[in-house]
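Peer 1: sequence-free structure coming up:
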């Protein structure tokens, strides 16, 4: 066994080719990666859906965020930098616009509040989608900000601690969270809006109105981020959803063009079927295309979920054909991150397609959250980037942990590690682990770089929670861009 610290922390690329380790400092110092691109989102038109009060309060806060939001007082200033403001002459190099035509107020009649909890969630999401559709039809907006007020959320969110079914997807590594008895309003709203071809940004009240923190904690029991961090996360997501590229992974000119795939599984609402969802990340840019795979099956012996040979072949074919449609050619290298190990049938199906397309460079990794931990006595948890090689194929990587750049461990509970199995990989464990670290920084919803999962798997899981609410198996009429699912 061998333990080493992978350093330095992978950089990201920002405006004019400048590199930096942290997203917020990178954008603040050098601008977004695409800020000189005339086709980038230099002007973003917003639409708003919610109540009169929630929309008014959100707009007030957006106006405030056009200017600098001071940093949170802290002994770790790198962990809590100020938000520089969203404007045309620095950082994002973009402006936000809207008019009174881009407002839609959702009114919930009494009859929509009757029935079971799931009935009410369905009724409210239907009303919201109706107003979103009307907004998009009557005004050309780039992103719709959905701001449900607290009185609406009380109808569609269960209080923290409500009983849920103790049933999880039957995978060996328990990679899926427990399936709740209650429907998820956010996910159902996203699923029912996919055909509208305009991304949604779902915003909870405490994001823009701190007086709602206590009421919101009844449903979302998590610590409130400081105002500057909330602004960084929200406006980076809006910029990306409007078609922008805030940053990209760095890439050596000597390296081959790579395509990254994440494969996870989701269960239909009736729990009758299992599907594979594939979230594809186009090379270092982080452009994601969503592909829903075929039916998966549960192994009778070890209870893990797998595709058959043809299902694996078809899924890889769909994903790489999407890559070819975007770039005009197949990638030179394919990296697959899968949330369960590879069955012999899956391996045959994947490699058969790659061989047919003469793609000789590929790395098939099995990744899962691990409970194996290292301890450092009388100090913070292990450093992010700590790699524990168990043997020549298996390793444990700390993608979360103490971060030297932040000079602290930026969490409360001990971090989980990431298990990596490289049985079917060509590159070294060390190189593949560094690639995993870089891919954890491609999450446009989080501008702190200590995410646990690479965007490949994180997106695949996220997509699955939304796809299960689709009321048809035909996904040809819904958007396949990751912007619509995050």
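Peer 2: Perfect, thanks for sending it. Note that the coordinates shown come from a computational prediction; the quantities given were computed from them, not determined experimentally. Residues are numbered from 1 along each chain as shown.

Peer 1: Could I get the full set of strands for the stretch 201-350 of the chain?
Peer 2: Using DSSP state E, counting those that start in this stretch, the strands found in the stretch 201-350 of the chain span residues 248-249, 258-267, 274-282, 287-298, 305-306, 333-338.

Peer 1: Mind checking those strands for the one nearest to residue 464?
Peer 2: strand 258-267 (3.0 Å; C-beta to C-beta). Where you see a C-beta, it was placed from the backbone N, CA and C, and this is true even at glycine.

Peer 1: chain center to the closest one: distance?
Peer 2: Mean-position distance between strand 258-267 and its chain equals 12 Å (C-alpha atoms, centre = their mean, to the nearest Å).

Peer 1: what do you get for stretch 201-215?
Peer 2: Once both centres are worked out by C-alpha atoms, centre = their mean, stretch 201-215 turns out to sit 21 Å from its chain's centre.

Peer 1: Pretty sure residue 453 sits against residue 417.
Peer 2: No: with the criterion set as C-beta atoms under 8 Å, residue 453 and residue 417 do not qualify as a contacting pair; they are 11.7 Å apart.

Peer 1: joint contacts of these two?
Peer 2: Contact with both residue 453 and residue 417 is made by residues 369, 399, according to C-beta atoms under 8 Å, 6 or more residues apart in numbering.

Peer 1: and residue 420, how many neighbours?
Peer 2: Counted by other C-beta atoms under 10 Å, the residues lying close to residue 420 total 24.

Peer 1: From here on, call the first residue 32.
Peer 2: I'll keep to 32 as the first residue from here, and by that count the last item is residue 451.

Peer 1: Am I right that it is in contact with residue 460?
Peer 2: Yes: using C-beta under 8 Å, residue 451 makes contact with residue 460 at a distance of 6.9 Å.

Peer 1: Show the contacting residues for residue 177.
Peer 2: Residue 177 sits next to 80-81, 159, 163, 220, 231-234 when contact means C-beta under 8 Å, 6+ apart.

Peer 1: Which helix or strand lies directly C-terminal to whatever helix or strand it lives in?
Peer 2: Counting by DSSP states H and E, the secondary-structure element that holds residue 177 is strand 174-178. Proceeding N to C from strand 174-178, the next assigned helix or strand is helix 181-187, under DSSP H and E.

Peer 1: helices or strands up against that following helix?
Peer 2: Using 3 or more C-beta pairs under 8 Å, 6 or more residues apart in numbering; DSSP states H and E as the contact test, the elements touching helix 181-187 are helix 148-169, helix 244-248.

Peer 1: so residue 127 touches residue 75, yeah?
Peer 2: Yes: here residue 127 reaches residue 75: they are 5.3 Å apart, a contact under C-beta under 8 Å.

Peer 1: higher neighbour count, these two?
Peer 2: Each of residue 127 and residue 75 had its neighbours counted (other C-beta under 10 Å), and the higher figure belongs to residue 127 (25 against 22).

Peer 1: Tell me how far that one lies from residue 135.
Peer 2: Distance of residue 127 to residue 135, computed by C-beta to C-beta, to the nearest Å: 18 Å.

Peer 1: And residue 39, by the same measure?
Peer 2: Spatial separation of residue 39 from residue 135 under the definition C-beta to C-beta is 48 Å.

Peer 1: quick one, which of these two is more surrounded?
Peer 2: residue 135 (22 against 11).

Peer 1: What confidence value was assigned to the nearest residue to the more buried one once chain neighbours are set aside?
Peer 2: Taking C-beta to C-beta, 6 or more residues apart in numbering as the measure, residue 135 lies nearest to residue 162, with 4.0 Å between them; neighbours along the chain are not counted. We note a pLDDT of 97 for residue 162 in this prediction.

Peer 1: just for this structure, where's the confidence low?
Peer 2: When residues are selected by pLDDT under 70, those of the chain lie in 191-211, 284-285, 314-315, 333, 504-507.

Peer 1: so where do the helices sit in it?
Peer 2: When assigned using DSSP state H, the helices of the chain occupy the ranges 54-61, 83-95, 148-169, 181-187, 216-224, 236-239, 244-248, 258-272, 340-358, 375-387, 460-470, 486-498.

Peer 1: and those helices as CSV, adding mean neighbour count and distance to residue 291?
Peer 2: As requested, these are arranged in CSV below (neighbours: other C-beta atoms under 10 Å; distance: least, C-beta to C-beta, whole Å):
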stretch, mean neighbour count, distance to residue 291
helix 54-61, 21, 19
helix 83-95, 17, 33
helix 148-169, 18, 31
helix 181-187, 18, 34
helix 216-224, 23, 23
helix 236-239, 22, 30
helix 244-248, 14, 35
helix 258-272, 23, 17
helix 340-358, 19, 10
helix 375-387, 17, 14
helix 460-470, 20, 7
helix 486-498, 25, 5
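
Peer 1: Please point out which parts of stretch 384-400 sit buried.
Peer 2: When neighbours are counted by 16 or more other C-beta atoms under 10 Å, the buried residues of stretch 384-400 are found to be 384-385, 390, 393-400.

Peer 1: mind listing which of those are in strands?
Peer 2: 393-400 (DSSP state E).

Peer 1: So for residue 451 and residue 460, which residues contact both of them?
Peer 2: Residues touching both residue 451 and residue 460 (C-beta under 8 Å, 6+ apart) are residue 426.

Peer 1: How much space separates the nearest residue to residue 517 once chain neighbours are set aside from residue 268?
Peer 2: Spatial nearest neighbour of residue 517, excluding adjacent residues (C-beta to C-beta, 6+ apart): residue 476 at 5.8 Å. As defined by C-beta to C-beta, residue 476 lies at a distance of 5 Å from residue 268.

Peer 1: Spit out the residues that contact those two alike.
Peer 2: Any residue near both residue 476 and residue 268 by C-beta under 8 Å, 6+ apart counts here, and that gives residue 517.

Peer 1: residue contacts, residue 487?
Peer 2: Contacts for residue 487 (C-beta under 8 Å, 6+ apart) come out as 291-293, 310, 312, 366, 368, 470.

Peer 1: And this structure, what are its domain boundaries?
Peer 2: Taking automatic domain parsing as the criterion, the chain consists of the domains 63-272, 284-515.

Peer 1: Check the offset of the longest one from the chain's centre.
Peer 2: I take that to be domain 284-515. With C-alpha atoms, centre = their mean as the basis, the mean position of domain 284-515 lies at 12 Å from the chain mean.

Peer 1: got it, and the shortest one?
Peer 2: On the basis of C-alpha atoms, centre = their mean, the separation between the geometric centre of domain 63-272 and that of its chain is 14 Å.

Peer 1: which residues does residue 381 contact?
Peer 2: Residue 381 makes contact with 343-344, 347, 367, 373, 395, according to C-beta under 8 Å, 6+ apart.

Peer 1: residues near the residue lying closest to residue 154 once chain neighbours are set aside, how many?
Peer 2: When the adjacent residues along the chain are set aside, residue 154 lies closest to residue 143, with 4.0 Å between them (C-beta to C-beta, 6+ apart). As a burial measure, residue 143 scores 16 neighbours (other C-beta under 10 Å).
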